[in-house]
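> predicted model and sequence below, questions to follow.
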Amino acid sequence: MLPELGASCQLRAGSSALLYSNVAFRRGRSPRARIAWTQASGADRTVQTSLTPPSSISGSPGSSPVHVSADVQQATPTATARTASTQQVVRQRAQPTVSVRQSSSVLPKSQLPVYLGAAAVAAALVLGAYRTFLTGAAKNAAAAVTQGITAKRLQREAASRLNEMSSLIQNSPTADLSAKNLGDEGTAYVAEALAFNTVCLAADFSNNGVGQLGTAQLSEVLPTCALQHLKLHTNNLGDAGCTLLAQKLSGNGLLLTLDLGSNGIGDAGAAALAEGLKLNTTLKSLDLSGNAIDVAGGKALAEALAANTTLSTLILSDNYLGPEGAQALAEALLQNSSLTELSIKGNELGDEGVEALCSALQGRASPLKLLDIGNNSLSPAAAAPLARLLHSKADGITEFNVYMNEIGDKGIRLLAPAFKDCKKLKSLDLGGNDAGPDAAAALAEALLSHPSLKLLELGYNPLGPAGAATIAGAFKFDTKLETLKLGWCKVGGGEGARALADLVMFNKTLVQVRTVVMVDSLISSLLLDINMGKMQCSSAY
């Protein structure tokens, strides 16, 4: 027996015995193969293989020693390498099983209620969110249904209102559709009722938000209807809508009045209207007040006015003509013979522009019925040309307005004799001209027993108690004056108030007296309405 081998193994001959043992180890059926698994700290496992010859396991003394040949000794390293390879393969095959066993774990019983509680809370949150979603969806659906029902109801009501308006246009000679919130679409719908309509002669679409679309529909039906008076005041026509109407104006033979005030019309729209006016032979009144017409637009309109032969009323108030625009109009008026009413207040004409207009109007053979030049920054110097004009047109003038200028006492004294000559004068507006007691005295003398004056505006003038008493005395027994306005004239609570009281008592024609009086050192507004001899305080001035 070789002591180096000990009890580990006994090799019989060459590499064949080692191969046999290796095969027996792999199959696991050889009695000479024993596999022992050893686990160190529950982690790694190794394989120990012991090969024992059957004849020498008992270790009897009679056994003969085994002689290892050179071939066997040379083959020993090879067997050792194969054994190491076998151990590596076994480790690789056993490792997944070990990994699975190590990764598997059992939930401790002490933590089970915590996990169950968390799961319950999560489920409650999910359920609450779901209920909230369902509730919100239901509310949204209900709101959508309500909105749909409301929208349909509003549509039915709107359609009913539009049908009523259309019926009014079709069956009435006058259709007042102002401030009906029609807009473009409503106006276009209602305007269809004008097509080939021979009944409606006047239609008012003022303050309806009418823009280019509604104007286009109106322009289309205008040549086919019998409309004579069209009002589109305070809408959104602009230059584009104004141009559409102007294109139909040149060939229209029925329209008599056209109101396009406060529509944002500028120089381009004014120029388009001017071209239509040059060829129009029926239009008598054109209102372009409250727009944005500057000098260029004023000059274009002046050229049209020189060529037009039918226009009698031109309203250009509250634009931006200035002295240059006034000069262009004055030159056109010398060639025009049809215009009898000119409203041009609020254009910053100044003394120069007003003087040019007065000279042109004075040189015309045509009569002048109305002149409104209020709020044009006039000074007392403008009174002289105005007085000359009034004297020359005294037979025709019925309305004169120089409201909110600075003519003063001197200017009023120059104008007063002209007012006396204007026997047909019905309305006289001198408010806001810094007129004091001297001006009141001149007016009282000129207007005493005036045969036709019905309205006298003297508000916002510092007449004082004496001036108010003078005016009241002039009309105390007047039989024509109906409206007297003395608001903010510093009438006071003494002499002036007593004079107004006497006026109200004795005058039989006054319908309205407006003034501000001092009562117990407090300012109170007093509006007196006299109806059938009874005085009523109805509202503030």
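Arrived safely, thanks for sending.

> what ranges do the strands span in the stretch 101-250 of the chain?
174-176, 202-204, 229-231 (DSSP state E, counting those that start in this stretch).

> what are the buried residues along stretch 467-478?
467-472, 474-475, 478 (16 or more other CB atoms under 10 Å). C-beta coordinates here come from the backbone N, C-alpha and C atoms, glycine included.

> what is the nearest of these to Tyr130?
Ala468 (81.8 Å; CB to CB).

> tell me if I'm right that that closest one and Leu486 touch.
Yes - contact criterion CB atoms under 8 Å: Ala468 and Leu486 qualify, at 5.9 Å.

> so Leu273 sits in a strand?
No - Leu273 sits outside any strand when classified using DSSP: H, G, I helix; E, B strand; the rest coil, being helix.

> any idea how far it is from Leu486?
The gap separating Leu273 from Leu486 is 40 Å, by CB to CB, to the nearest Å.

> same question for Gln217.
Counting by CB to CB, the gap from Gln217 to Leu486 is 48 Å.

> who has more neighbours, the two?
Between Gln217 and Leu486, Leu486 has the larger neighbour count (other CB atoms under 10 Å), namely 29 against 21.

> hmm, back to that, now, the buried residues of stretch 467-478 that are in strands?
Among the buried residues of stretch 467-478, none falls in strands (DSSP state E).

> can you add distance to Leu237 and give the residues you listed back as a markdown table?
Listed next are those as a markdown table, based on distance: CB to CB, whole Å:
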| residue | distance to Leu237 |
| --- | --- |
| Gly467 | 45 |
| Ala468 | 45 |
| Ala469 | 50 |
| Thr470 | 48 |
| Ile471 | 44 |
| Ala472 | 47 |
| Ala474 | 46 |
| Phe475 | 44 |
| Asp478 | 45 |
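
> looking at these, which is nearest Pro437?
Looking across the buried residues of stretch 467-478 and measuring by CB to CB, the closest to Pro437 is Gly467, at 4.1 Å.

> give the contact list for the closest one.
Residues in contact with Gly467 (CB atoms under 8 Å, 6 or more residues apart in numbering) are 435-437, 439-441, 461, 489, 496.

> mind redoing it with 10 Å?
Going by CB atoms under 10 Å, 6 or more residues apart in numbering, Gly467 touches 435-441, 443-444, 458, 461, 486, 489-491, 496.

> and Leu127, how close does it get to Ala191?
Per CB to CB, Leu127 is found 60 Å from Ala191.

> so between these two, which is more surrounded?
More crowded of Leu127 and Ala191, by other CB under 10 Å: Ala191, with 25 against 10.

> how about the contacts made by the nearest residue to the more buried one once chain neighbours are set aside?
Of all residues not flanking Ala191 in the chain, Gln217 sits nearest, at 4.4 Å (CB to CB, 6 or more residues apart in numbering). When contacts are counted by CB under 10 Å, 6+ apart, Gln217 touches 184-185, 187-192, 194-195, 210, 244.

> show me which of the residues you listed are buried.
Among the contacts of Gln217, those buried by neighbour count (16+ other CB under 10 Å) are 184, 187-191, 194, 210, 244.

> so which of those are in helices?
Judged by DSSP state H, the buried ones among the contacts of Gln217 include 184, 187-191, 244 as members of helices.

> dump these to CSV, plus distance to Thr234 and pLDDT.
As requested, those are exported to CSV (distance: CB to CB, whole Å; pLDDT from 0 to 100):
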residue, distance to Thr234, pLDDT
Asp184, 15, 94
Thr187, 13, 94
Ala188, 18, 93
Tyr189, 20, 92
Val190, 17, 93
Ala191, 18, 93
Leu244, 18, 95
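
> how far is the helix or strand containing Leu415 from where the chain is centred?
According to DSSP states H and E, Leu415 maps onto helix 408-421. Helix 408-421 sits 49 Å away from the centroid of its parent chain (CA atoms, centre = their mean, to the nearest Å).

> same check, this time on stretch 258-268
The answer for stretch 258-268 is 21 Å, by CA atoms, centre = their mean.

> repeat for stretch 208-219
On CA atoms, centre = their mean, the centre of stretch 208-219 falls 18 Å from the chain's centre.

> ditto for stretch 305-314
38 Å.

> pLDDT of that stretch, averaged?
Averaging pLDDT along stretch 305-314 yields 96.

> now it - C-alpha only, PDB.
Provided in PDB are the C-alpha atoms of stretch 305-314 (Å, rounded to 0.1, in the frame of the first residue of the first chain):
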ATOM      1  CA  LEU A 305     -71.000 119.200 -52.400                       C
ATOM      2  CA  ALA A 306     -69.900 121.500 -55.300                       C
ATOM      3  CA  ALA A 307     -71.300 119.000 -57.800                       C
ATOM      4  CA  ASN A 308     -74.400 117.800 -56.000                       C
ATOM      5  CA  THR A 309     -77.600 119.600 -56.600                       C
ATOM      6  CA  THR A 310     -80.100 117.900 -54.200                       C
ATOM      7  CA  LEU A 311     -78.500 117.700 -50.800                       C
ATOM      8  CA  SER A 312     -80.100 120.200 -48.400                       C
ATOM      9  CA  THR A 313     -78.800 119.000 -45.000                       C
ATOM     10  CA  LEU A 314     -75.200 118.200 -44.200                       C
END
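
> shouldn't Asn319 be in contact with Gly346?
Yes - in this structure, Asn319 is within contact of Gly346 by CB atoms under 10 Å, at 7.5 Å.

> in the helix holding Leu415, what counts as buried?
Quick answer for helix 408-421 (16+ other CB under 10 Å): 408-416, 418-421.

> out of the strands of the stretch 101-250 of the chain, nearest to Lys139?
strand 174-176 (44.2 Å).

> pLDDT on the closest one, on average?
96.

> got it, and stretch 351-370?
Stretch 351-370 comes out at a mean pLDDT of 95.

> mind checking how far Leu255 is from Gly464?
50 Å.

> compare those two and say which is more crowded by neighbours.
Counting neighbours by other CB under 10 Å for Leu255 and for Gly464 shows that Leu255 has the greater number, 22 against 18.

> the more buried one in helix, strand or coil?
coil.

> hang on, it packs against Ala246?
No - assessed by CB under 10 Å, Leu255 is found out of contact with Ala246, at 11.9 Å.
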